[in-house]
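Asker: sequence? don't have it. structure:
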């Protein structure tokens, strides 16, 4: 599989170090579409606080990816659903740590979650 970043130099606002406009995936053998994943432990309980939930989300995503013989290096698209706009920076920092600074197409949306104690949810697409 080959990936190519697309960040046009003219006619659109510039990309930033942690953001790309598009990622072309050539010749993937497999695609994995992961449902919105929350910061819940094995009992289905939400971690206390935003940082705890972000840590659990990335741990949960790692477990899901491993079940498909993939890692975070296979992530090619990510959408975050945040309960509060104040969570943007913490979510961005957690993503950058989890992906080792690798930029993928990403969108963050502010939403009302299903339960008050669910602060963030992340869905991904992975290719291998």
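Answerer: Perfect, I can see it now. Because the structure is predicted, anything quoted here is derived from the model rather than measured. Numbers count the residues shown, from 1 in each chain.

Asker: okay, now residue 104: neighbour count?
Answerer: Neighbour count for residue 104, taken as other Cβ atoms under 10 Å: 20. Just so you know, the C-beta spots here come from the backbone N, C-alpha and C atoms, and that holds for glycine as well.

Asker: tell me the pLDDT at it?
Answerer: If you check residue 104, the pLDDT there is 97.

Asker: wait, isn't it in contact with residue 75?
Answerer: Yes. Counting by Cβ atoms under 8 Å, residue 75 is a contact partner of residue 104 at 5.6 Å.

Asker: Using the three-state scheme, assign the closest residue to residue 38 other than its chain neighbours.
Answerer: Excluding the flanking residues, the one nearest residue 38 by Cβ to Cβ, 6 or more residues apart in numbering is residue 121, at 5.0 Å. At residue 121 the chain is in strand, as set by DSSP: H, G, I helix; E, B strand; the rest coil.

Asker: what's residue 121 in contact with, if anything?
Answerer: 36-38, 57, 80-81, 113 (Cβ atoms under 8 Å, 6 or more residues apart in numbering).

Asker: And the buried ones among these, selectable in ChimeraX?
Answerer: Selection of the buried residues among the contacts of residue 121 in ChimeraX, burial being defined by 16 or more other Cβ atoms under 10 Å:
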select :37,38,57,80,81,113
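
Asker: The helix or strand containing residue 32 packs against which elements?
Answerer: Residue 32 belongs to strand 31-38 when assigned by DSSP states H and E. With contacts defined as 3 or more Cβ pairs under 8 Å, 6 or more residues apart in numbering; DSSP states H and E, the packing partners of strand 31-38 are helix 49-67, strand 120-127.

Asker: How far off centre is the shortest one?
Answerer: Put plainly, it is strand 120-127. 5 Å (Cα atoms, centre = their mean, to the nearest Å).

Asker: Check the first one too.
Answerer: Relative to its parent chain, helix 49-67 has a centroid offset of 10 Å by Cα atoms, centre = their mean.

Asker: Kindly report the same for stretch 47-66.
Answerer: Distance, centroid of stretch 47-66 to centroid of chain: 11 Å (Cα atoms, centre = their mean).

Asker: Give me the contacts around that stretch.
Answerer: Identification of contacts with stretch 47-66 by Cβ under 8 Å, 6+ apart yields 32, 34, 37-41, 46, 71-72, 74-75, 87, 90-91, 94, 97-98, 118-122, 124, 126.
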